[in-house]
Each structure stands twice: as C-alpha cells, then as structure tokens.
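# Pasting the sequence and the predicted coordinates here, then a few questions.
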Amino acid sequence: MPEERPTLVLLHGRGSHMGDLQGLRSVLPPGGALITPQAPHPGADWGYGGGWAWYRYLGDGRAEVASLEESLRELEAFLGALPELVGSRPRPLVLGGFSQGGTTSLAYALRHPGSMDAVVNLSGFLLPREDLGVGPEALGSTPLFWGHGTEDPAVPHALARRGRERIREAGGDMEARDYRMGHWVDPGEMEDLRQWLTIRVPGWA
C-alpha cells in the first residue's frame, strides 16, 4: 500500500444511503480510493423515505441549522479517521457529493478553508451566509467543480445560478458545467469531472 493515495469522499443525496455513489469509481485514478459515508439523520423523520439525510431542507436553498451543524461535526470526525479507513494518507483529498451531499460538502469546505485539495458539487446548492456563518470568499483558491442539470425539478437550476454567481463575485476558482438532464448524475458529467480532476488536482492522475 502506498504512503499516499488519491482519495475522493462523496456524500449521498437526501433519502439515500452510503452505497448509492459507489458506482462513480470511473473518476478515480488507478489505485485511488472512493469513500462514501452515510448521513447521520434518518430520512423518514422528515418524510424523505427510508434513507438518510444530511440536514432538514426548509425550501428555497435553506437548511435547518441544527441538523446541518450535527452533520458537519460528524463529517469532520469521519474525515479525521480517513487514514485508518484508506490504509494510507489520503492525498490528494477531494470532498464532494450529490444533491444534499454536494451542498454539505461545499458547506464543509467553506467552514474548513484549505482542508481539501478540491470540492465537487453535483446538483447541490450554496447555503446562505446566515446559515453557515461564512460566505463563498472562504473557499479561497480551492478548486470547485459544479455540475447541474438544467431541467432539475428537485434543486432548480435557478439555485445553481444564484450560488455560482456568489462564488464568482467572491473570486472563487470554479468550473461550472450544465447538462440537459434532471436530478441525477450523467455519464458525460462524470467524464468531465474525471478530466477536471486530472487537470486541476496535482497528484490525481
């Protein structure tokens, strides 16, 4: 086992589970690790079905702060234990996710500037400053890939436009890609992500 291993941590969406994103291994380099933790909140409590959730969604790009804070604390502890899980030092380390997972990964990166080599937001949104206590300027120079469906009924593309504009105004390093799709992950999106990771994240290839 190498001393360092490229590692991608992907967070699942609302009402899903830890195994949902394991099929996205195509974006990994040879020998890379894909880690997919499970959210701490039972989705059934909020009407999200039998899966799990990172926070209670309040509508219009807002999250219940208490449930989000609990997830961010648990995610911090999980990431701290990664060397044991991966069996080596996770470097480079990329955090991302789909839908609620994308929103949560972006929120974590803003709360922990410089802790990630890159961030991936697939069909999520950017939480407002009043929910996080920080704004998009906290992302600094951390590269961000933001893919979104133009016909997404669950997280409307208008939310993506709103969040992307805030990141651009803050001078963020963002690759924004749109796809003619709904609320899912597209093979073309995964190929774009693989290429972006290879180009933008030193040590990923």
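Nice, I can see it. Since this is a predicted model, take the numbers as computed values, not measurements. Residues are numbered from 1 along each chain as shown.
# Following element in sequence after the lowest-mean-pLDDT helix or strand in the chain, please.
In the chain, no helix or strand scores lower on mean pLDDT, DSSP states H and E than helix 82-86, which sits at a mean of 91. With elements assigned by DSSP states H and E, the helix or strand that comes after helix 82-86 is strand 89-98.
# and that next one, what other elements does it pack with?
In terms of contacts (3 or more Cβ pairs under 8 Å, 6 or more residues apart in numbering; DSSP states H and E), strand 89-98 is packed against strand 4-11, helix 82-86, helix 100-111, strand 118-122. Every C-beta, even on glycine, is put in place using the N, C-alpha and C of the backbone.
# in that strand, what counts as buried?
90-98 (16 or more other Cβ atoms under 10 Å).
# do the same with stretch 166-179
166-167, 172, 174-176, 178-179.
# Any buried residues in the least confident helix or strand of the chain, and which?
Across helix 82-86, burial judged by 16+ other Cβ under 10 Å covers 82, 86.
# quick one: which two of the buried residues of strand 89-98 are the most distant?
Maximum pairwise distance in the buried residues of strand 89-98, criterion Cβ to Cβ, is 23.6 Å, between 91 and 98.
# List the contacts of the nearest residue to residue 169 once chain neighbours are set aside.
Using Cβ to Cβ, 6 or more residues apart in numbering and skipping residues adjacent in sequence, the residue nearest residue 169 is residue 136, 7.7 Å away. Neighbouring residues of residue 136 by Cβ atoms under 8 Å, 6 or more residues apart in numbering: 110, 126, 163, 166-167, 169-170, 172.
# Equivalent analysis for residue 140, please.
Here residue 140 is in contact with 113-114 (Cβ under 8 Å, 6+ apart).
# distance of it from residue 15?
Using Cβ to Cβ, to the nearest Å, one obtains 32 Å as the distance from residue 140 to residue 15.
# Quick check, residue 179 in contact with residue 186.
Yes - Residue 179 is within contact range of residue 186, at 4.9 Å (criterion: Cβ atoms under 8 Å).
# Overlap of the contact sets of these two?
Common neighbours of residue 179 and residue 186 (Cβ under 8 Å, 6+ apart) are 147, 149.
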